[in-house]
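> pasting a predicted model and its sequence here:
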Amino acid sequence: MSNTNKSFIHEVRRRRTFAIISHPDAGKTTLTEKFLLYGGAIREAGSVKSRRAQKHAVSDWMEIEKQRGISVTSSVLQFEYNNYCINILDTPGHQDFSEDTYRTLMAADSAVMVIDGAKGVEAQTKKLFQVCKMRGIPIFTFINKMDRQGKDPFELMEELEKVLGIRSCPVNWPIGSGKNFKGVYNRQKELIELFSEGNHGQAMAKTIKGDITNEEFKTLLGETLHQQLLDDIELLDIAGDDFNLEQILEGKLTPVFFGSALTNFGVEPFLEDFLEISTSPQARESNLGHISPETEEFSGFIFKIQANMNPAHRDRIAFLRICSGKFEKGMSVNHVQKGKKVKLAQPQQFLAQDRVIVENAYPGDIIGIHDPGIFNIGDTLSEKSTELKYAGIPQFAPEHFAKVSIKNSLKRKQFIKGITQLAEEGSIQVYRRPNIGVEELIIGVVGALQFEVLEYRLQNEYDVEILMQSLPYRYIRWIEMDNFDAKKFSMTMDTMLVENEDGQPVLLFQNEWSIRQVEERNKKAKLHETSIF
Ligand code: GDP
């Protein structure tokens, strides 16, 4: 093996790319910040705080904007720890953005699920977990806020199984809880790690590590706590699931860790074990079979598009996940779907709080590329192949619909521009009623909050005010039929016929009964749940 090749493979294998999911306030931001602290990317925790302070000072609604705000600096973060190169992908906490979460998970190799130890599995954890499960990636659980009086750890494990339906195996176990949270016990290494305060969590926690048989711990923990730990371990060994790497990697068993992101207790042990258990980027499915990340030819796909991240620049960025080969700044690649060559001139990477121009990047990395409006979500870029396509990113069926029109028809141009942009980012789906102008559109979204985002962004980024009337439809079906003729098509009273931008006929239904009726009445038509059939 040549030296360049050796170093390329080394780069691939030291990469870990994961997404963090959680119910809002479980501690995702704090944990991310502590990872950066341990990785040496920030000197003192709290420096990312302005963002958090803002986030919590505002109403729920502005939260959306903050969700986007977060994306500006940290939707993707890279940092180094112990010779690993780590990419963290942030996901929106609200379930209404689960489509966005799904797309982000497409770019991740595993997920970290943060749970508040006092609250257990919350509503949005549940939703986001389902999205993770659809992807079939390994899920690591971090039970946070152990410095507060919370639920019993055994109870939390039971909750994971009952509410989420996933079996769990604690990799480490908390020693004490609340004010008495002293440390964690690593079951495989049979190691105790005790922590003491590092300046209220601003600095790394001080630790004492040692073998559980070490008599010193009896004194350090006190007789009661020490005995309780021994009892817990015994119970776990009998009652708990065994550590099974294969099942973990298949997403069927979740390794569980306990800690407190606020005080840093347990953050480093989690990071260390997580990096050890999780894998480097693996081969990815494509139309040409599985593509190994260690293939020399560069390739990747676009999983997210975002415009106006920086209002001062009015830029549009496509986020690319590298799947194989080495990326070099300025390289020309095939845009497979468009059948064109494109030059990746100003690729950006997102380090701690900064965006920087990236010279080289490797499989597992995410780079942001300037998009003059040529990329779509799911597009493949490839150095040599003009045919390679990575498995597509499905669009979720919208479940909420509204009639949207402009207040001031002089703003028609901006209106169209804004709507097109948001549709390309994948946050809304746009339909028209036959014979009705573009000033009035039917918009479909997966989560109702997207309507607020639509209204807000049109106003703020395009200076367009809209009128929005919510519609009672809940289901969408694409019609497959030879010589479709709207006049001859029989519908129920409460069904609406619209078309998508390609002029394909689409039906909006209020209930499942109507779907069956329409199927009955139009035997020659086939109704599909997705646009691709
Ligand atoms: P996010 O919404 O999941 O990103 O949550 P944040 O990281 O912003 O945390 C929400 C709140 O919980 C903040 O006030 C944090 O200071 C607090 N918090 C985070 N982690 C811990 C922890 O380990 N212990 C305690 N007591 N509070 C925490």
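Yes, it's here.

> can you tell me which helix in this protein is longest?
helix 223-239 (DSSP state H).

> give me the distance from it to the chain's centre.
Taking CA atoms, centre = their mean, to the nearest Å, one finds the center of helix 223-239 at 36 Å from the center of the full chain.

> helices and strands around that helix, which ones?
With contacts taken as 3 or more CB pairs under 8 Å, 6 or more residues apart in numbering; DSSP states H and E, helix 223-239 sits against strand 172-175, helix 216-221. C-beta coordinates here come from the backbone N, C-alpha and C atoms, glycine included.

> buried ones in it, by neighbour count?
Residues of helix 223-239 classed as buried: L225, H226, L229, D232, I233, L236 (neighbour count, 16 or more other CB atoms under 10 Å).

> and if you look at stretch 280-295?
By neighbour count with 16+ other CB under 10 Å, stretch 280-295 contains the buried residues S280, P281, R284, S286, I291, S292, P293, E294.

> list the contacts of it.
8-9, 12-17, 109, 299, 323-325, 363-364, 380, 385, 387-391 (CB atoms under 8 Å, 6 or more residues apart in numbering).

> show the end-to-end separation of that stretch, please.
Taking CA to CA, to the nearest Å, the first and last residues of stretch 280-295 lie 14 Å apart.

> around the ligand, which positions in the protein sit nearby?
Contact residues (CB under 6 Å from any ligand atom) of the chain with the ligand: 22, 24-30, 52, 93, 144-145, 147-148, 260-262.

> residues near L471, how many?
16 (other CB atoms under 10 Å).

> how about V464?
V464 has 22 neighbours, counted by other CB under 10 Å.

> so which of the residues of the chain next to the ligand sit within strands?
Using DSSP state E, the subset of the residues of the chain next to the ligand located in strands is S22, N144.

> and the residues of the chain next to the ligand, which are buried?
With burial judged by 16+ other CB under 10 Å, the buried subset of the residues of the chain next to the ligand is 22, 24-30, 93, 144-145, 147, 260-262.

> show me where the stretch 51-200 of the chain has strands.
76-81, 84-90, 110-116, 139-144, 167-170, 172-175, 183-186, 191-196 (DSSP state E, counting those that start in this stretch).

> sheet partners, orientation included, of the fourth one?
Strand pairing for strand 139-144, using DSSP bridges, gives strand 110-116 (parallel), strand 253-258 (parallel).

> so for V445, which of those strands sits nearest?
Set against V445 and scored by CB to CB, these come closest in strand 110-116, at 24.0 Å.

> distance of the closest residue in space to S75 that isn't next to it in sequence from F35?
Nearest residue to S75 in three dimensions, chain neighbours excluded: D90, at 5.0 Å (CB to CB, 6 or more residues apart in numbering). For D90, the distance to F35 (CB to CB, to the nearest Å) stands at 12 Å.

> of those two, who's got more company?
Neighbour totals were compared for D90 and F35, and F35 leads with 24 against 21 (other CB under 10 Å).

> count the residues that sit near the closest residue to I21 other than its chain neighbours.
Leaving out its chain neighbours, the residue that sits closest to I21 by CB to CB, 6+ apart is L128, at 4.2 Å. Counted by other CB under 10 Å, the residues lying close to L128 total 28.

> go on, E216?
Burial of E216 is recorded as 12 neighbouring residues (other CB under 10 Å).

> tell me the confidence at it?
pLDDT recorded at E216 is 87.

> same question for G373.
At G373, the model reports a pLDDT of 87.

> for it, what are its contacts?
R316, E424.

> that one should be in a helix, yeah?
No - remark: G373 does not belong to a helix; assigned using DSSP: H, G, I helix; E, B strand; the rest coil, it is coil.

> phi, psi for it please.
When quoted as degrees, to the nearest 10, the phi and psi of G373 stand at phi 100, psi 20.

> residue boundaries of the helices in the protein?
Using DSSP H, the helices found in the chain span residues 3-13, 28-39, 49-57, 60-74, 98-106, 123-135, 153-159, 216-221, 223-239, 245-249, 267-277, 412-424, 449-462, 512-521.

> coming back round to it: does the residue nearest to I21 really touch I20, like I thought?
No - using CB atoms under 8 Å, L128 makes no contact with I20, being 10.0 Å away.

> tell me where the stretch 351-500 of the chain has strands.
Here the stretch 351-500 of the chain has its strands, by DSSP E, counting those that start in this stretch, at 354-357, 360-361, 366-370, 380-382, 400-406, 429-431, 440-445, 466-471, 475-480, 496-499.

> go through those and pick out the most buried.
Mean neighbour count, computed with mean count of other CB atoms under 10 Å, is highest for strand 380-382 among the strands of the stretch 351-500 of the chain, reaching a mean of 25.

> quick one: mean pLDDT over it.
97.

> can you list the domain ranges for this structure.
Domains of the chain are assigned by automatic domain parsing as 3-71+90-277, 284-382, 400-528.

> any chance of the ones you listed in JSON lines, with distance to E80 too?
Shown next, in JSON lines, are the domains of the chain (distance: least, CB to CB, whole Å):
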{"stretch": "domain 3-71+90-277", "distance to E80": "6"}
{"stretch": "domain 284-382", "distance to E80": "10"}
{"stretch": "domain 400-528", "distance to E80": "31"}
